[in-house]
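*Asks:* The sequence and its predicted three-dimensional model are supplied below.
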Amino acid sequence: MTTFVIAVDGPSGSGKSSTARGVAQRLGLAYLDTGAMYRAMTWALLQRGTDLTDADAIARDAEDVVIVSGTDPSDPTIEADGTDVALPIRSSEVTGSVSLVAAVPHVRELLVQLQRSTIAAAEQGIVVEGRDIGSTVAPDATVKVFLVADAAARAARRTAELGGADAAATQEALARRDHIDSTRTSSPLAKAPDAVEIDGTHHTLEEVVDQVVALVEQVREPR
Ligand SMILES: Nc1ncnc2c1ncn2[C@@H]1O[C@H](COP(=O)(O)OP(=O)(O)O)[C@@H](O)[C@H]1O
Ligand SMILES: Nc1ccn([C@H]2C[C@H](O)[C@@H](COP(=O)(O)OP(=O)(O)O)O2)c(=O)n1
């Protein structure tokens, strides 16, 4: 039996994690944050002292990194090499390097394989969020959402999350990461042709979750 998958893709700070978790909790599904996996890989390579300007070194060292994601939406966990990395993967050091690591094709092969096996193990269905879920990881997903929000709104949300950091610098850092994520050659951030675009700029998180749940209900109970 194929797993019931809801794919949520979009740029940084558009609300993917909060929306995907909310939808999973509402519908009793598992939840997978694939961005956390790329961040955990980046953390582990930084720990090893891998030269992150050298794609071959990244590809070689990534082979030995063991990443484990817990998929309970009320308590998602992420481990790298047996260490709980939920906090360190949000550091500015990891945030500033993750796009370099995520652009290396072999890293993507390793993590996409892991993502697919996590999806296959989720018997009740799963909400998966990232950049390439609808296009590459789960092209047969039942519902695909491409979540967007204005660059200024995304930066303001991230700034608030970081305790009022420099808003202009945060917006610039988001734009830089989105540019790298959208222009890399290996499965870039892209809206799948059959994804439904939702703009959350002027909606509360609750309203965005409602919109995704409504899409799921349309598919589950076609009228
Ligand atoms: N619709 C929304 N309205 C206001 N704030 C939101 C909304 N969706 C998410 N947020 C907030 O924006 C920030 C970034 O959301 P997050 O889910 O981490 O985005 P992403 O996973 O796309 O990077 C979080 O602080 C979150 O609480
Ligand atoms: N499926 C994915 C998920 C994330 N990535 C990359 C791109 C992002 O810059 C980093 C971190 O993703 P994450 O979702 O944690 O980023 P934000 O929370 O939106 O800032 O990983 C990816 O290439 N493919």
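*Replies:* Received it, and whenever you're ready, just let me know what you need. Ligands and ions are numbered 1, 2, ... in the order given.

*Asks:* Do you know the pLDDT at the most centrally placed residue in the chain?
*Replies:* Centroid check for the chain by C-alpha atoms, centre = their mean gives G130 as the closest residue, at 2.7 Å. Looking at G130, its pLDDT is 97.

*Asks:* Equivalent analysis for M1, please.
*Replies:* 58.

*Asks:* Name whatever forms a beta bridge with the residue nearest to the centre of the chain.
*Replies:* Note on G130: beta-bridge partners by DSSP bridges are D9.

*Asks:* Distance check, it against Q218.
*Replies:* 23 Å (C-beta to C-beta, to the nearest Å). Where C-beta positions appear, they are placed from N, C-alpha and C, glycine not excepted.

*Asks:* G10 now?
*Replies:* For G10, the distance to Q218 - C-beta to C-beta - is 20 Å.

*Asks:* now do E207
*Replies:* Between E207 and Q218 the computed distance is 17 Å (C-beta to C-beta).

*Asks:* Looking at G10 and Q218, which is more packed in?
*Replies:* G10 (26 against 12; other C-beta atoms under 10 Å).

*Asks:* Distance check, the more buried one against S99.
*Replies:* 15 Å.

*Asks:* so which strand or helix has R108?
*Replies:* R108 is part of helix 105-121, with elements assigned from DSSP states H and E.

*Asks:* and that helix, does that touch ligand 2?
*Replies:* No - judged by C-beta under 6 Å from any ligand atom, helix 105-121 stays clear of ligand 2, getting no closer than 7.2 Å.

*Asks:* need the strands for the chain, in chain order.
*Replies:* 5-9, 30-33, 67-70, 77-80, 83-84, 126-130, 143-148, 196-199 (DSSP state E).

*Asks:* Show me the one of the ones you listed that comes nearest ligand 2.
*Replies:* Closest approach to ligand 2 among the strands of the chain is made by strand 126-130 (2.5 Å; C-beta to the nearest ligand atom).

*Asks:* Next, the angle from that closest one to strand 5-9.
*Replies:* 20 degrees (axes from the mean of the first three to the mean of the last three C-alpha atoms, to 10 degrees).

*Asks:* Please enumerate residues in contact with strand 126-130?
*Replies:* Here strand 126-130 makes contact (C-beta atoms under 8 Å, 6 or more residues apart in numbering) with 3-9, 16-17, 19-21, 23-24, 27, 29-35, 71, 73, 115, 118-119, 137-138, 141.

*Asks:* Tell me how far Q211 lies from V196.
*Replies:* For Q211 relative to V196 (C-beta to C-beta), the value is 9 Å.

*Asks:* Please apply the same query to V143.
*Replies:* Distance from V143 to V196, by C-beta to C-beta: 8 Å.

*Asks:* filter the contacts of strand 126-130 down to the ones near ligand 1?
*Replies:* Within those, those near ligand 1 by C-beta under 6 Å from any ligand atom are K16, S17.
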